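J.: generate coordinates for the sequence data below:
(one chain, ligands or ions: 1)
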Amino acid sequence: MRVSAQGPDSEEVSGGLDFARVTVLQGATNTLETPGEEGISRPAASCPCLASSSLPNEFMMLTLLRNASIYAPEFIGESDVLLADGRVAAMAPGLPDLPAELPHETHDLSGHLLIPGLIDAHVHLSGGGGEAGPSTRVPPMALSPLLKAGITSCVGVLGTDGTTRTIRDLVACTLGLRELGLSAWCYTGSYRIPVPTLTGSVRDDVVFIDPILGVGELALSDHRSSQPTLDEVLRVASDVYVAGMISGKAGVLHCHMGSGERGFELIERALDTAEIPARVYHPTHINRERWLFDAAKKLVDRGVTVDLTAFPEDGETLMAAEAIAQWRAEGLPMDRLTCSSDGAGCLPTFDEDGRLIQMDIGDPITLLEAIQELLKRSEPLEDFLPVFTSNVARVLALPQKGRVVVGGDADLVALSPEGDVRHLWAGGKLMVHDGVVLTPGPFEPKN
Ligand code: ZN
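T.: Below you'll find the model as predicted:
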């Protein structure tokens, strides 16, 4: 386990840690300087959850979390967790104190629920919308709204507008979030077929462009879709499936479901017709209509994992929390369900002539609000948490994500019992402390 830089003045110490031998640079706390970076505010030493802090966040490679009630997402019980070099290095009750010579932080998380960072598989990172003229193009997603919602991993989508919006821009926004410390990926394509791409081919995009995991959001049963035929859908599904094999990525076809009465017909016919595995199809917005949600219950029997959207409350739509509670009450497979926010997407209402009569904007906070609503209903956290974490990681083939496990990425959220985000670590870095974002993006208001 690498803990700090090695050099001619380094010495081996075990420091009472029986799970790892570590190397420290002598006098490290004196030689590393605190850069005077604005916008990086360290939590005050007097903070009740913080035992010690000697270095700026960038150098804070060891973090000890004490007395956390862990949902991994299964319930583990109260335990300590050691974070090192962006990973979970150890997890056990009563881990030994770290020696003072090692730069580290200790947080007492008594009374908190420690969960994996949420994975939001549908965010319009470069902004969605534009369905009622250029003035309705939604601005790009900033970092803080994602962090405030407990999201440590996200996947960007383009949406309706694959004409003024480009994959190049989406990839740039994705890389920008990575630079700011979040884990981020994206899909190539938009609602359309032929699929707009960066390199000219779906396969090349998935195989050669690091953040691209698949194709999305391809619109089906929607007046804004390309009205694709079965053959056209199958060609895209086969390209993304084989590209996933070649690249070792998920190779997923993330489908936007509209309100059209054909519902999942094209996906069902694709499953009837072709040899492409069911795991490739990941239809979203399945709760936009109650009848579509009922149809989704049958689709999962065929091995498809379906995605709820955490729509804002409008008095009509089936809310994600209600849908999850119903799914569980009916004994449907919880591992076949995921939930995403549609953040920075336009949530339009159209009249019968396809004219926009009302519009809302998706906000990642609805993902957290769905969790809070489920907690309020006394639904067991360990039962529904996979919908927001480990199930999404499985669909996206991200084995380091979605679980609190030794060796996994240190993407963790400490929630209050009511489900408020109190602290958040992304890649082992503390980014939210006491509900305050420590690391806002460059164009966001500083705290
Ligand atoms: Zn959509």
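
J.: any idea how far Gly181 lies from Thr106?
T.: Taking CB to CB, to the nearest Å as the measure, Gly181 falls 21 Å from Thr106. C-beta: built from backbone N, CA, C; applies to glycine.

J.: hmm, I typed the wrong one, I wanted Arg279.
T.: Arg279 is 41 Å from Thr106, where distance means CB to CB.

J.: same thing with Lys401?
T.: The span separating Lys401 from Thr106 equals 25 Å under the rule CB to CB.

J.: mind checking how far the residue nearest to Ile267 when sequence neighbours are not counted is from Thr305?
T.: Residue nearest to Ile267 in three dimensions, not counting chain neighbours: Tyr281, with 5.2 Å by CB to CB, 6 or more residues apart in numbering. Taking CB to CB as the criterion, Tyr281 is separated from Thr305 by 8 Å.

J.: so between these two, which is more surrounded?
T.: More neighbours sit around Tyr281 than around the other of Tyr281 and Thr305, counting by other CB atoms under 10 Å; the figures are 29 against 21.

J.: OK, contacts around the residue nearest the centre of the chain?
T.: For the chain, the residue sitting closest to the mean C-alpha position, by CA atoms, centre = their mean, is Ile119 at 2.1 Å. If a contact means CB atoms under 8 Å, 6 or more residues apart in numbering, then Ile119 has 151-155, 388-389, 392-393, 396, 398, 401-402 as its contacts.

J.: any idea which element the nearest residue to Val432 once chain neighbours are set aside lies in?
T.: The spatially closest residue to Val432, leaving aside those adjacent along the chain, is Leu424, at 3.8 Å (CB to CB, 6+ apart). If you go by DSSP states H and E, Leu424 is part of strand 421-426.

J.: what about stretch 428-436, start to end distance?
T.: As for stretch 428-436, its first-to-last residue distance stands at 17 Å under the measure CA to CA, to the nearest Å.

J.: quick one on the thing from earlier: confirm for me that the residue nearest to Ile267 is in contact with Gly251.
T.: No. The criterion here is CB atoms under 8 Å, and Tyr281 misses it with Gly251 at 11.1 Å.

J.: for the ion, what's its nearest residue on the stretch 51-200 of the chain.
T.: Using CB to the ion, Gly159 is the residue of the stretch 51-200 of the chain that sits closest to the ion, at 6.1 Å.

J.: hmm, that residue is touching Gly345, no?
T.: Yes. In this structure, Gly159 is within contact of Gly345 by CB under 8 Å, at 6.0 Å.

J.: what touches both of those two?
T.: In terms of CB under 8 Å, 6+ apart, Gly159 and Gly345 are both contacted by the residues His124, Gly128, Gly129.

J.: show the contacting residues for the second one.
T.: Looking back up the chat, that one is Gly128. Val138, Val157, Leu158, Gly159, Thr160, Asp161, Asp342, Ala344, Gly345, Cys346, Gly362.
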